[in-house]
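> Sequence first, then the predicted structure, then my questions.
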Amino acid sequence: MIKADPFAQLKLLDVQAVDSRLAQLHHQRASLPQIAELARLAEERTTVDNRARDARIEVEDLSTEQRKADADVEQVRTRRTRDQQRVESGQVTNPKDLERIQHEMVSLERRIASLEDSELEIMEKLEEAQGRLDAHTAELAELDATVATLTAERDARWAEIDAELAAGEAERAPLTDDLPADLLALYDKIRDQRGGVGAAAIHRRECQGCRLSIDNAELAVIRKAGVDTVLRCEECSRILVRTGESGL
Ligand SMILES: [Zn+2]
């Protein structure tokens, strides 16, 4: 058991008040609603970004397909035009040749129609994929704007909390300066083990640390103890500080 001046013991309650406030501020800092929301948005952004990437690949593939289909149609059209020019020029005089060319022109016409059909199909798919890509891109821009707003909000709250923390630390320093080293060490150790509370007042025969009443046998021990005896709660082992309202 360590001994300490009763004024030093009382001062421990002031230190505890500052420490509780600091702990609360640290908790607030780590649990701002913006932090959880930003984490959720980051996940959502990854999902949307993946969808946008898939759509972009689809658009690129379909664009290549479309260029190829265009070239195919163009090639057959050129051939049909050449045939037509040959017929119209009157160069082909042999009726068999003429018939063959006319036959080919009919089949080229059919081929053009079929190629144009698949060209149209590709264009429709491309339009649909481009629409999805545009929607995802817009969604990403919207998400980024929300993230920027929330980040700014979070940083502003952090700056406020950090200022309060700095003020609390500045308040704590002069309080602990005068405390005996062994008392402060004991307090810090218990505070560390007991959820941030190392010292508690006895208020109306109750430990303010664990809120349990002190039994009669223990009260008798406390009453007999010298004022400089550093008391500990039997239930929660925190340092018990006697005040004018302890009811002893
Ligand atoms: Zn207790």
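In hand now; what should we look at? Numbering: from 1, shown residues only.
> near the ion, which residues of this structure show up?
For the chain, the contact set with the ion under C-beta under 5 Å from the ion comprises 207, 209, 210, 233, 235, 236. From N, CA and C alone the C-beta is placed, and that goes for glycine too.
> Now do the SS call for the residue nearest to the third one when sequence neighbours are not counted.
If I follow you right, that is residue 210. Distances taken as C-beta to C-beta, 6 or more residues apart in numbering put residue 236 closest to residue 210, at 3.8 Å, once the chain neighbours are dropped. For residue 236, the assignment made with DSSP: H, G, I helix; E, B strand; the rest coil gives coil.
> lowest confidence element among the helices and strands of this protein?
helix 216-224 (a mean of 94; mean pLDDT, DSSP states H and E).
> if we can go back for a sec, surely the residue nearest to residue 210 meets residue 214?
No - with contacts counted by C-beta atoms under 8 Å, residue 236 stays clear of residue 214, the gap being 11.2 Å.
> How much space separates the residue most central in space within the chain from the ion?
Residue closest to the mean C-alpha point of the chain, counted by C-alpha atoms, centre = their mean, is residue 39 at 1.2 Å. From residue 39 across to the ion, the span is 37 Å (C-beta to the ion, to the nearest Å).
> ok, now how distant is that residue from residue 31?
12 Å (C-beta to C-beta, to the nearest Å).
> for this protein, which helix is longest?
Criterion DSSP state H: the longest helix present in the chain is helix 95-177.
> Can you tell me how far residue 154 is from residue 22?
Taken as C-beta to C-beta, the span from residue 154 to residue 22 is 20 Å.
> again with residue 128
Taking C-beta to C-beta, one finds residue 128 at 57 Å from residue 22.
> more crowded one of those two?
residue 22 (18 against 14; other C-beta atoms under 10 Å).
> Buried residues, the least confident helix or strand of the chain. List them.
Neighbour counts over helix 216-224 (16 or more other C-beta atoms under 10 Å) mark 218, 219, 222 as buried.
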